[in-house]
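> Here is my input, please return the structure:
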Amino acid sequence: MGDFPRRPRYHATSLARALTILDLFEPATPSLSATQIAHRLRVRPGSLYPALGTLERFGYLEKLGQEVIRAAALISGEMGYRPA
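All right, here's what the predicted structure looks like:
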């Protein structure tokens, strides 16, 4: 057939967005604002709030004030679900 990659059979858009957000955080940049995240992903900040809220609820992100978000798992060295 061609040299084109196959389209994935299944694609969870919300999950992909959440994982893409988490990929932005690294030891050199453990904190970002929603505006910075939106700018890096080239989306409107308002479109991120459902994913950011879910990631915060499951303990992957921590809100540090009005706008700043920190990757909780990156800081603590843990990954995984922590009940709210």
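
> Which residue would you name as the spatial centre of the chain?
Ile21 (2.3 Å; Cα atoms, centre = their mean).

> Am I right that that residue sits in a helix?
Yes. Ile21 sits within a helix when classified using DSSP: H, G, I helix; E, B strand; the rest coil.

> Give the residue spans of the protein that score low on pLDDT.
1-7, 67, 73-84 (pLDDT under 70).

> can we see that at 90?
The model of the chain has pLDDT under 90 over residues 1-16, 25-31, 45, 58-60, 62-84.

> Can you show me the strands along this protein?
31-33, 61-63, 68-71 (DSSP state E).

> I'd like to know which of those is closest to Ala51.
The closest approach between Ala51 and any of the strands of the chain, judged by Cβ to Cβ, belongs to strand 61-63 at 9.5 Å. C-beta: built from backbone N, CA, C; applies to glycine.

> Direction included, what does that closest one pair against?
Sheet pairing for strand 61-63, assigned by DSSP bridges, gives strand 68-71 (antiparallel).

> who touches the partner strand?
Contacts made with strand 68-71 from outside it, assessed by Cβ atoms under 8 Å, 6 or more residues apart in numbering, are listed as 22, 25, 30-34, 37, 52, 56, 60-64.

> give the contact list for the residue nearest to the centre of the chain.
Here Ile21 is in contact with Ile37, Leu41, Leu48, Ala51, Leu52, Leu55, Leu61 (criterion: Cβ under 8 Å, 6+ apart).
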